[in-house]
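Peer 1: Attaching a predicted model along with its sequence, questions to come.
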Amino acid sequence: MKFTIFVKSPFGRKRQTQQAVAKNKSIHLLSFVDRACQYVASRTHDRSRSTVSNYRTALRSFEAFLDGRQVTLRDIDQALLQQYAHWLEERGVCRNTSSCYLRSLRTLYRQVGANDRRLPLNPFMGVFPGNVPTAKRAVAVADLRKLRALKLLPGSRLALARDIFLFCFYAMGMPFADVVRLKRTQVRGNAIGYFRCKTGRYVHVGIEPCMREILNRYRRKGGTYAFPVLPEGVSDEELYKAYTLALYRYNRALRCLARMAGIGHTLSSYVPRHTWATRAYANRVELAVIARALGHASTRTTWTYVNMAGNGVLATANRKIIREIIKNTSVEEVCKH
């Protein structure tokens, strides 16, 4: 009987180590933009479309700034980023957009360089140009009452737009993206439970009578969704295209409603959310409660307070805000436009 003896050669191990080093070196020699693009392509399944779009837009801008220069991850330093920020400013890019680009690049820098301990800790520190406060998106109580008082044809696109707008407000500033994706199965008893599309955070909303009235108005139409806005049984790509078109049509309908109601401010999909938060703050609702109601991915301190708020507190706060809008009127009368 023959026995084959395998001897583990130290040269084999050395060769494997050399190959690993060469491979690692070749990875580092890839340009930052190439590595970032690879990362973005690998994470499209677990990042929202808006986030992926922000990453790609920032990378295109940074690539235009580099103008053909091959910059590796280790070449990213504060001086280069300051040059990029100045380049954006020279081209008339507003501060908010510049900050958005730099935040996206910072995230990508951290992700693709997570295993490289020789990288600077944070070359982005002190580079951000800062944000300019955007125009106020909240509207006054009187404007909401004007909108509710409009006489609209039942079943029309304007009536649907108004119902969604008011439902967004009544549901503690629920975003349009979450309202149109709200499924009937998420409406259970006297509450709605959903995960925000943008952040993935769970939000619990108590159903008030005026909200129930709006939901019942579209129940007879059947289907998976609570509101007849998005198509069913289509691919994710088709669904996203349908959502984009629906958002455009919704904002266009809101502008029309604002003119009809004599509202001097532009109505958009953001307004119900900002208005709810503003009214909650005006009614001395604690910031922690507001943060949880909105499902914000907020600061560490705010998040600590948010965890302390209970669903009962949120329901009470929401009822208080709705009653301010519909005082001196029965809930049933308010919801029958």
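Peer 2: Looks like it came in fine. Residues are numbered from 1 along each chain as shown.
Peer 1: Got the confidence number for residue 6?
Peer 2: Listed pLDDT for residue 6 reads 39.
Peer 1: where along the stretch 51-200 of the chain do the strands fall?
Peer 2: For the stretch 51-200 of the chain, the strands defined by DSSP state E, counting those that start in this stretch cover 187-188, 191-195.
Peer 1: Select, out of those strands, the one closest to residue 251.
Peer 2: strand 191-195 (21.9 Å; Cβ to Cβ). In short, each C-beta sits where N, CA and C put it, glycine included.
Peer 1: Parallel or antiparallel, which strands does that closest one pair with?
Peer 2: The strands that strand 191-195 pairs with in its sheet are strand 187-188 (antiparallel), strand 202-206 (antiparallel) (by DSSP bridges).
Peer 1: Quick check: what element follows the longest one along the chain?
Peer 2: Yep, that's strand 202-206 we're talking about. Remark: after strand 202-206, the chain's next helix or strand is helix 209-219, criterion DSSP states H and E.
Peer 1: ok so, going back, deepest of the strands paired with strand 191-195, which one?
Peer 2: When these are scored by mean count of other Cβ atoms under 10 Å, the highest mean neighbour count falls to strand 202-206 (a mean of 19).
Peer 1: what's around residue 116, how many residues?
Peer 2: Residues near residue 116, counting by other Cβ atoms under 10 Å, number 12.
Peer 1: show me what contacts the closest residue to it other than its chain neighbours?
Peer 2: Nearest residue to residue 116, sequence neighbours excluded (Cβ to Cβ, 6 or more residues apart in numbering): residue 73, at 6.8 Å. Residue 73 sits next to 28, 32, 35, 109, 112, 113, 116, 119 when contact means Cβ atoms under 8 Å, 6 or more residues apart in numbering.
Peer 1: OK, contacts around the last one?
Peer 2: Residues counted as contacts of residue 119 (Cβ under 8 Å, 6+ apart) are 73, 74, 76, 113.
Peer 1: For PyMOL, what selects the buried ones among those residues?
Peer 2: Those of those that count as buried under 16 or more other Cβ atoms under 10 Å are selected in PyMOL with:
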select buried, resi 73+76+113
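Peer 1: from the contacts of residue 119, which is closest to residue 86?
Peer 2: The nearest member of those to residue 86, counting by Cβ to Cβ, is residue 76 at 15.8 Å.
Peer 1: wait, isn't that closest one in contact with residue 109?
Peer 2: Yes: using Cβ atoms under 8 Å, residue 76 is in contact with residue 109, at 6.0 Å.
Peer 1: any common contacting residues for these two?
Peer 2: Residues touching both residue 76 and residue 109 (Cβ under 8 Å, 6+ apart) are 32, 123.
Peer 1: returning to what we had before: and the two most separated of the contacts of residue 73?
Peer 2: Spatial extent of the contacts of residue 73 (Cβ to Cβ) is set by the pair 28 and 109 at 13.5 Å.
Peer 1: Look at those two and report which has more neighbours.
Peer 2: Using other Cβ under 10 Å, the more surrounded residue of residue 28 and residue 109 is residue 109, with 22 against 15.
Peer 1: Can you tell me, leaving aside adjacent residues, what's nearest to the residue positioned nearest the centre of the chain?
Peer 2: Of all residues in the chain, the one closest to the mean position by Cα atoms, centre = their mean is residue 198, 3.3 Å from it. Nearest residue to residue 198, sequence neighbours excluded (Cβ to Cβ, 6+ apart): residue 48, at 6.1 Å.
Peer 1: Next: residue 226.
Peer 2: Using Cβ to Cβ, 6+ apart, the nearest residue to residue 226 is residue 182, at 4.5 Å.
Peer 1: From residue 188, how far off is that neighbour?
Peer 2: In this view, residue 182 and residue 188 are 12 Å apart by Cβ to Cβ, to the nearest Å.
Peer 1: Kindly report the same for residue 220.
Peer 2: Plainly put, residue 220 is 19 Å away from residue 188 if you go by Cβ to Cβ.
Peer 1: Same question for residue 66.
Peer 2: From residue 66 to residue 188 the distance is 52 Å (Cβ to Cβ).
Peer 1: for the stretch 51-200 of the chain, what spans make up the helices?
Peer 2: Shown for the stretch 51-200 of the chain, the helices assigned by DSSP state H, counting those that start in this stretch span residues 78-90, 95-112, 141-149, 157-170, 176-180.
Peer 1: Reformat the ones you listed as TSV; add mean pLDDT and distance to residue 246.
Peer 2: Below are those laid out as TSV (pLDDT from 0 to 100; distance: least, Cβ to Cβ, whole Å):
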stretch	mean pLDDT	distance to residue 246
helix 78-90	91	32
helix 95-112	88	24
helix 141-149	95	20
helix 157-170	97	10
helix 176-180	95	6
